[in-house]
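Engineer: take a look and give me a structure for this.
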Amino acid sequence: MQPAARRPWSPPAAEASDPYAVPSPVQPPSKSTTETVKNALSRWGRKVGEATRKAEDLSRNTWQHLRTAPSMTEAAVGRIAQGTKVLAEGGRDRIFRQAFSAPPDEQLRKSYACYLSTSAGPVIGVLYLSTARVAFCSDSPLSYAAAGGDRTEWSYYKVAIPLQRLRAASASASKVRPAEKFIQLVSVDGHEFWLMGFVNYDGAVKHLQEALSGFHNLQA
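Structural biologist: Residues are numbered from 1 along each chain as shown. Presented below is the predicted three-dimensional model:
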């Protein structure tokens, strides 16, 4: 099974009445300049060039991560912009809490750069694994036609699945292009989410399956 075919994007709440979608409208983002793009790619190239043999898998995964996007340039700039945001806002944990209004007793365990497959194509963002849920938030707000089609609105693409509602987290790969690896999340009520283009694919699979197994063992 593969991710669904593309169609015009709409906010996640409008897609098949998905109970795990989290609407998050925002103001339109500012545009990156050409110089910013060049500088970002230059810094990225230097980092890859300085990688040791131990980082070869990371380099391959990073390349796969970038080529998953419709535009490699935008993906590279987006990743660096996300890193800047993490530093400016005080870390992944704080960004996660702000994005999903997490309570104090919920702890963020892991976060992974990846893409979420949507009806309009892959959306770049971050997958969060906490003590209570698996969640995804796009790096940037996406535009869509508002009701009536007379104006454009913007929203972050967010999905949140409580661990007690998560039935499976399965690893798979394309038969045609084995380097293209996926993680399929399935909720107890049959909703499916496909994630791809992980920078740390093996770590994501390992920790998702451990968290799911551990949570179910506690509930047994």
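
Engineer: going by residue numbers, what spans are strands in this structure?
Structural biologist: Listed from the start of the chain, the chain has strands (DSSP state E) covering 25-26, 108-118, 121-130, 133-138, 142-145, 152-155, 158-162, 166-173, 181-187, 192-196.

Engineer: closest to residue 203 out of those strands?
Structural biologist: Taking CB to CB as the criterion, residue 203 comes closest to strand 108-118 out of these, the separation being 7.1 Å. Glycine gets a C-beta too; all of them are placed from N, C-alpha and C.

Engineer: most packed of the strands of the chain?
Structural biologist: The highest average neighbour count among the strands of the chain, using mean count of other CB atoms under 10 Å, belongs to strand 133-138 at a mean of 24.

Engineer: tabulate the strands of the chain (CSV), appending mean pLDDT and distance to residue 101.
Structural biologist: As requested, the strands of the chain are exported to CSV (pLDDT from 0 to 100; distance: least, CB to CB, whole Å):
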stretch, mean pLDDT, distance to residue 101
strand 25-26, 66, 15
strand 108-118, 92, 13
strand 121-130, 92, 12
strand 133-138, 95, 11
strand 142-145, 79, 20
strand 152-155, 84, 16
strand 158-162, 95, 10
strand 166-173, 94, 19
strand 181-187, 95, 20
strand 192-196, 94, 20
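
Engineer: now those in CSV, with distance to residue 205?
Structural biologist: Rendered in CSV, the data for the strands of the chain read as follows (distance: least, CB to CB, whole Å):
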stretch, distance to residue 205
strand 25-26, 31
strand 108-118, 10
strand 121-130, 11
strand 133-138, 13
strand 142-145, 27
strand 152-155, 29
strand 158-162, 16
strand 166-173, 5
strand 181-187, 6
strand 192-196, 10
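
Engineer: among the ones you listed, which is nearest residue 216?
Structural biologist: If you check each of the strands of the chain against residue 216 by CB to CB, strand 166-173 wins as the nearest, at 9.2 Å.

Engineer: and the closest one, which strands flank it?
Structural biologist: Under the criterion DSSP bridges, strand 166-173 sits next to strand 181-187 (antiparallel) in its sheet.

Engineer: the inter-axis angle of the partner strand versus strand 133-138?
Structural biologist: When axes from the mean of the first three to the mean of the last three CA atoms, to 10 degrees is applied, the directions of strand 181-187 and strand 133-138 differ by 120 degrees.

Engineer: what angle do strand 181-187 and strand 158-162 make?
Structural biologist: For strand 181-187 and strand 158-162, the angle between their directions (the same axes, to 10 degrees) works out to 60 degrees.

Engineer: by mean pLDDT, point me to the weakest helix or strand of the chain.
Structural biologist: Across the helices and strands of the chain, mean confidence by mean pLDDT, DSSP states H and E is lowest for helix 56-68: a mean of 50.

Engineer: of the strands of the chain, which is nearest residue 214?
Structural biologist: The closest of those to residue 214 is strand 108-118. By CB to CB, the value is 10.5 Å.

Engineer: correct me, but residue 194 touches residue 116?
Structural biologist: Yes. Counting by CB atoms under 8 Å, residue 194 touches residue 116, with 7.4 Å between them.

Engineer: separation between the spatially closest residue to residue 109 that is not a sequence neighbour and residue 116?
Structural biologist: The spatial neighbour of residue 109 that comes closest, neighbours along the chain excluded (CB to CB, 6 or more residues apart in numbering), is residue 129 at 5.0 Å. As defined by CB to CB, to the nearest Å, residue 129 lies at a distance of 14 Å from residue 116.
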